[in-house]
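Engineer: Sequence and predicted model, in that order:
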Amino acid sequence: MEIILLQDVNKLGQKDDIVNVKNGYGSNYLIPKGLAIAATPSAKKMHAENMKQRAHKEEKIKAAAQELATRLADVRLVVGAKTSSTGKIFGSVNTIQIAEALKEKGFDIDRKSIVLSEEQIKEVGTYKARVKLHRDVKVDVEFEIIAE
């Protein structure tokens, strides 16, 4: 089944992508939740027209994201965590703490657009997080976990 995504869907695609999915996933989940519409010939025609009109705005947004990415590339974050005497963290460091550290540096980035390099960070050290600023613009931000 071919569908047009109305919103970003994790591990499937970005808004306005035309993707193929299994019939049940499309008709029982994506379409009823309002995440997608069926890609009929008329819907594809409307989609193409919308994409033409949106292309100019998209270039401005991408340029702003690219500029933010160049500023973020030089940022080095320090995140404090409670640790044991061996350097193990009580709990783990997650995207919420990275987003808060970025906010302190003056970057207002949603935690959902941050992906950590490892599943769970449970030790003191230096790690990387990928920040998705735009569909085509992603930047790696280094951060260090220190003991509080």
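Structural biologist: Great, that's in hand.
Engineer: State the distance from Glu58 to Asn50.
Structural biologist: Distance, Glu58 to Asn50, by CB to CB, to the nearest Å: 11 Å. C-betas here are computed from N, CA, C, even on glycine.
Engineer: ah, wrong one, I meant Ile114
Structural biologist: Taken as CB to CB, the span from Ile114 to Asn50 is 29 Å.
Engineer: Could you list the domains of the chain?
Structural biologist: By the assignment in automatic domain parsing, the chain contains the domains 2-68, 73-147.
Engineer: Any chance of TSV for those domains, columns mean neighbour count and mean pLDDT?
Structural biologist: As requested, those are arranged in TSV below (neighbours: other CB atoms under 10 Å; pLDDT from 0 to 100):
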stretch	mean neighbour count	mean pLDDT
domain 2-68	13	91
domain 73-147	15	87
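Engineer: Need phi/psi at Lys82.
Structural biologist: phi -70, psi 130 (degrees, to the nearest 10).
Engineer: Then Leu5?
Structural biologist: The phi and psi values for Leu5, taken as degrees, to the nearest 10, are phi -80, psi 130.
Engineer: So what are the sheet partners of the longest strand belonging to the chain and their directions?
Structural biologist: Across the chain, the longest stretch assigned as strand under DSSP state E is strand 138-147. Paired neighbours of strand 138-147 in the sheet (DSSP bridges): strand 76-81 (parallel), strand 125-132 (antiparallel).
Engineer: TSV for these, including distance to Lys33?
Structural biologist: Converted to TSV, the strands paired with strand 138-147 look like this (distance: least, CB to CB, whole Å):
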stretch	distance to Lys33
strand 76-81	35
strand 125-132	22
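Engineer: Val9 and Leu35: what is the separation?
Structural biologist: For Val9, the distance to Leu35 - CB to CB - is 6 Å.
Engineer: Next: Lys128.
Structural biologist: Distance of Lys128 to Leu35, given as CB to CB: 30 Å.
Engineer: Got phi/psi on the residue nearest in space to the middle of the chain?
Structural biologist: Nearest to the mean C-alpha position of the chain, by CA atoms, centre = their mean, lies Ser113 at 2.7 Å. Backbone torsions of Ser113, given as degrees, to the nearest 10, read phi -90, psi 10.
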